[in-house]
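Peer 1: Make a model of this:
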Amino acid sequence: MHHYKKEQPVEPRWNKTVRTATMVDCGDSPVLFSVENGLGRITLNRPARLNAFNTTMAEEWSRVAQEATARSDVTAVLIQATGNAFCAGGDVLAMAETMRSGAELRNLASTINVGVLALINAPIPVIAAAQGTTAGGGLGILLATDYAVVATNSKLGALYGKIGLTPDLSVSAHLARAVGERRALQLVLKDRLLSAQEALDWGLVAEVVAPEDVNDRASSIASAWIAGATGAYGQAKRLVRQSAGSSIFDQLDEEARTIGAAFDTREAAALIGAFAARSLRVRSHQSDASRPNRPY
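Peer 2: From the prediction side, this is the model:
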């Protein structure tokens, strides 16, 4: 069972008047990271291997994911990939060539899981922009995000059975919650690949767009989060994520606590004030329009 953090600050994590542009990693790294205007952009960068994880990439992924979700100048994270695939999971060729025991594969999965948990527990929203193949542990990475935009050429599935392995990187934890237990079993027992449209119909992804638009669309959504109620979005994500492990009584208490804490933030005060001002203007306009014209 994943342990979700229940006590998170509700205040926005950065001053929206500050704009930063920071490239953290160079282009030959297997995982790239940049920060600009509050958006932390993580790029999986092993296109020749369909962005599949080997040990080096796993270590870099965990480091970057932890940094992206901990930085005070990042209020949304976007995960994208170079090449023709989002992520094919573990690098099977590297496994065959270098691994001598299951303990080594367990260590690889555990390393990647550090980054997966960073995304799940982050008090900020995380979006995926995926194209081409998303399979195996790559599906787990996508499921660990909060919103997924995929290209029309996407194919998504588990495919563990083809190589005699079992789900990892949160697939067994999140797939059934996303699509239901029966459909989850279809994916893990039949090695079925879903088309982008099927994934949308099943509720596995949120949007399907043209391949050339997938990164721009995901960036636009993330930018809207950053420009809006960033603290509230993060807390809403936390409440939904932790609900599976909470009783209805505990969840109701936590909802009440969180909405009260949100009300006390500067973010909510500004947004509620703006909403009230707009409502008063509308009511005033309607009142003026309803008055009969009286002759003098």
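
Peer 1: which residues of the stretch 51-200 of the chain fall in strands?
Peer 2: If DSSP state E, counting those that start in this stretch is used as the criterion, the strands of the stretch 51-200 of the chain fall at 76-81, 85-87, 126-130, 133-135, 147-151, 155-157, 193-195.

Peer 1: Give me the mean pLDDT for the last one.
Peer 2: This means strand 193-195. In this model, strand 193-195 has a mean pLDDT of 97.

Peer 1: Check the first one too.
Peer 2: On average, the pLDDT along strand 76-81 is 98.

Peer 1: try the second one
Peer 2: Strand 85-87 shows a mean pLDDT of 98 in the predicted model.

Peer 1: next one: the third one
Peer 2: Averaged over strand 126-130, pLDDT sits at 98.

Peer 1: hmm, who's touching that strand?
Peer 2: Residues from elsewhere that reach strand 126-130 (Cβ atoms under 8 Å, 6 or more residues apart in numbering): 69, 76-81, 86-87, 119, 141-142, 144-151, 154, 156, 205, 214-215, 217-219, 221-222. Bear in mind the C-beta positions are built from the backbone N, C-alpha and C, glycine included.

Peer 1: Flag the shaky bits of the stretch 51-200 of the chain, pLDDT-wise.
Peer 2: For the stretch 51-200 of the chain, no stretch is flagged by pLDDT under 70.

Peer 1: again, only this time at 90
Peer 2: Judged by pLDDT under 90, the stretch 51-200 of the chain has its weakly predicted residues at 191.

Peer 1: all helices for it, in order.
Peer 2: 55-70, 92-98, 102-121, 137-144, 171-179, 181-190, 196-202 (DSSP state H, counting those that start in this stretch).

Peer 1: what's the most buried one of those helices?
Peer 2: Each of the helices of the stretch 51-200 of the chain was scored by mean neighbour count; the highest is helix 137-144, a mean of 28, by mean count of other Cβ atoms under 10 Å.

Peer 1: Tell me which residues are up against it.
Peer 2: 51-53, 79, 85-90, 109, 112, 116, 119-120, 126, 128, 130, 134, 148, 156-158, 167-171, 174-175, 178, 205.

Peer 1: And the closest residue to Ala206 other than its chain neighbours, how far from Asn54?
Peer 2: Excluding the flanking residues, the one nearest Ala206 by Cβ to Cβ, 6 or more residues apart in numbering is Tyr147, at 5.1 Å. Shown here: Tyr147 relative to Asn54, a distance of 28 Å by Cβ to Cβ, to the nearest Å.

Peer 1: try Ala206
Peer 2: Distance from Ala206 to Asn54, by Cβ to Cβ: 30 Å.

Peer 1: and if you look at Cys87?
Peer 2: The spacing between Cys87 and Asn54, counted by Cβ to Cβ, is 12 Å.

Peer 1: Same check on Gly136?
Peer 2: For Gly136, the distance to Asn54 - Cβ to Cβ - is 14 Å.

Peer 1: Looking at those two now, which is surrounded by more residues?
Peer 2: Higher neighbour count among Gly136 and Asn54: Gly136, with 26 against 18, using other Cβ atoms under 10 Å.
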